[in-house]
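> no sequence for this one, just the structure:
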């Protein structure tokens, strides 16, 4: 794909991503700044969201570790765009609800600066808030009830600027700087008889953060990787919200929004080419939420562990047929969760399958990555809600030439 075409796609896609940050609605997004983004680039979603040590492709952006940027070839240009569709079933011990959502998930581009330094830039959701709750309660001293509808929306976006530095053929370092920004709104309608009250609470957040990464290849088949995301503080600020209806009795604005602490995050991974056909990733991540000392009457933040295993199968690189160049992927993921509600951890597990479909016969082809995952989050114990979901994602990993001199015949 030509570089000019890729740049046009990138500029056009920024607006789509900023206006479509919700993966799927969740009652658990009511806590803090919402649910953390769980979408990964390329075929990594199909490999259980693993990839901290992955270095086996020069045509895919690996967001899991900035040091992996050093695999990008000279004079090449990578562009990544993602979509997904999620069908989910939410239920407790009494009722259930089905939902279907289509979303844009991320976009990024990456390119070399010189022989030892490669760069990436992009944008994706960092967290998302999307819930709707109806509460019916009796009016004290009366046989009548009043109804409260609570709607939460918004989330935090992430703009990132990554750098990969090649020290030698075996060792690479990387760093990624991020800007976090966004707003979270909670609207409430209180209806009792002929009277009603509207309340609107909107917070705006902003922060800067950084990640460091390293990858070391032992021999030519096994790579070790590690990352560290430094803790940062999302600064809250007051927001101004306009009046929507003449029947509003009052509007409340958060003049002094609370800050939100993001934890120290560590990641470790191994990626090994078992033979010419099979590659396996094993990742472990830990997020130290307990050190942020954030809690309320309903929930407590706990340290979060994430385990991921991914497998990629492909024919040897000299295979010439189209079907022989397709990449087959599978993975599993277990997330212990960072919320404890009613003495229950809100954990999550999923398994995934995927295909990497080349768009040309070239060894440096663009790929269409089709990924499917099924999983569950939460529990119906202690009056909580469980979510079972099916997610189909489409990631476009496009490869183009960068500053290539034209040939004269």
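The structure has been received and is ready for your questions. Only a predicted model underlies this, so the values are computations on that prediction, with no experimental measurement involved.

> what's near enough to touch the residue lying closest to residue 381 once chain neighbours are set aside?
Nearest residue to residue 381 in three dimensions, chain neighbours excluded: residue 344, at 5.8 Å (CB to CB, 6 or more residues apart in numbering). Heads up, the C-betas are built off the backbone N, CA and C, glycines and all. Applying CB atoms under 8 Å, 6 or more residues apart in numbering to residue 344 gives the contacts 379, 381, 382, 384.

> Now do the same contact list for the first one.
Which is residue 379. Counting by CB under 8 Å, 6+ apart, residue 379 touches 344, 346, 386.

> Roughly how far does it sit from residue 303?
Residue 379 sits at a distance of 19 Å from residue 303 (criterion: CB to CB, to the nearest Å).

> Near residue 210, how many other residues are there?
Residues within reach of residue 210, counting by other CB atoms under 10 Å, total 12.

> For it, what is the enclosing helix or strand?
According to DSSP states H and E, residue 210 maps onto strand 195-218.

> and what of residue 310?
strand 304-313.

> Beyond that strand, next helix or strand please.
strand 327-335.

> Bridged to the closest residue to residue 293 other than its chain neighbours, which residues?
What sits nearest to residue 293 in space, not counting adjacent residues and going by CB to CB, 6+ apart, is residue 261, at 7.5 Å. Beta-bridge pairing for residue 261 (DSSP bridges): residue 233.

> right, and residue 261 touches residue 235 too?
No. Assessed by CB atoms under 8 Å, residue 261 is found out of contact with residue 235, at 10.7 Å.

> hey, where'd the helices end up in this protein?
3-18 (DSSP state H).

> give the contact list for residue 259.
Here residue 259 is in contact with 233, 234, 235, 236 (CB under 8 Å, 6+ apart).

> please redo it, this time with the cut-off set to 10 Å
Applying CB atoms under 10 Å, 6 or more residues apart in numbering to residue 259 gives the contacts 203, 205, 207, 233, 234, 235, 236, 237, 294.

> Let me know the pLDDT of it.
We note a pLDDT of 88 for residue 259 in this prediction.

> just residue 361 next, same as before
73.

> what do you get for residue 9?
Per-residue pLDDT puts residue 9 at 47.

> 17 is where my numbering starts, stick with that
OK, 17 is where the count begins now, so the last one is residue 25.

> what bits of the stretch 67-216 of the chain have low per-residue confidence?
Residue ranges of the stretch 67-216 of the chain with pLDDT under 70: 157, 159, 209-210.
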